[in-house]
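[1] Pasting a predicted model and its sequence here:
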Amino acid sequence: MMINSILSLLLAGCLLAVGGYLAVRPGAGQQGHGPDLDTVDDDGLFDGWDGFTPRERRKRLAIYQRRVRARIAEQEREWLRARLREYAKG
């Protein structure tokens, strides 16, 4: 009885240690060795769409959404700068 408890605790400790290592190691959660999506152009994000898993689709859509928001923010900053220049001129 005592040996079973000790072995169970030892096994649980090993499983926790391995699980902790797998959770914090570099590249955890990445599938395969696919392309770096930050360097892929917008059209490239959607090439092969039908073959992607739902998780990969969400990831690619999130990247595209972030890019579009950044473009819109830059356009709004430029518009605001132009308006401020016009206002400053009188």
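    Alright, I've got the coordinates. These numbers come from a predicted model, not from an experiment. Numbers count the residues shown, from 1 in each chain.

[2] residues near residue 45, how many?
    Residue crowding around residue 45 was assessed by other Cβ atoms under 10 Å; the count is 19. Using the backbone N, CA and C atoms, a C-beta is placed for each residue, glycine as well.

[3] what does residue 66 give?
    Applying other Cβ under 10 Å, we find 11 other residues in the vicinity of residue 66.

[4] What strand or helix carries it?
    Secondary structure here is read from DSSP states H and E; on that basis residue 66 sits in helix 54-89.

[5] Show me what that helix is packed against.
    Taking 3 or more Cβ pairs under 8 Å, 6 or more residues apart in numbering; DSSP states H and E as the contact definition, the neighbouring helices and strands of helix 54-89 are helix 42-45.

[6] Tell me the secondary structure at residue 37.
    Following DSSP: H, G, I helix; E, B strand; the rest coil, we place residue 37 in the coil state.

[7] List the buried residues in the helix holding residue 66.
    56, 60 (16 or more other Cβ atoms under 10 Å).

[8] Can you pull up the most central residue in the protein?
    Taking Cα atoms, centre = their mean as the criterion, residue 59 is the residue nearest the geometric centre of the chain, at 6.2 Å.

[9] Can you tell me how far the nearest residue to that residue once chain neighbours are set aside is from residue 58?
    On the basis of Cβ to Cβ, 6 or more residues apart in numbering, the spatially nearest residue to residue 59 that is not a chain neighbour turns out to be residue 37, at 7.3 Å. In this structure, residue 37 and residue 58 are separated by 12 Å, where distance is defined by Cβ to Cβ, to the nearest Å.

[10] okay, and the helix or strand of the chain with the least pLDDT?
    Scoring the helices and strands of the chain by mean pLDDT, DSSP states H and E places helix 2-24 at the bottom, with a mean of 68.
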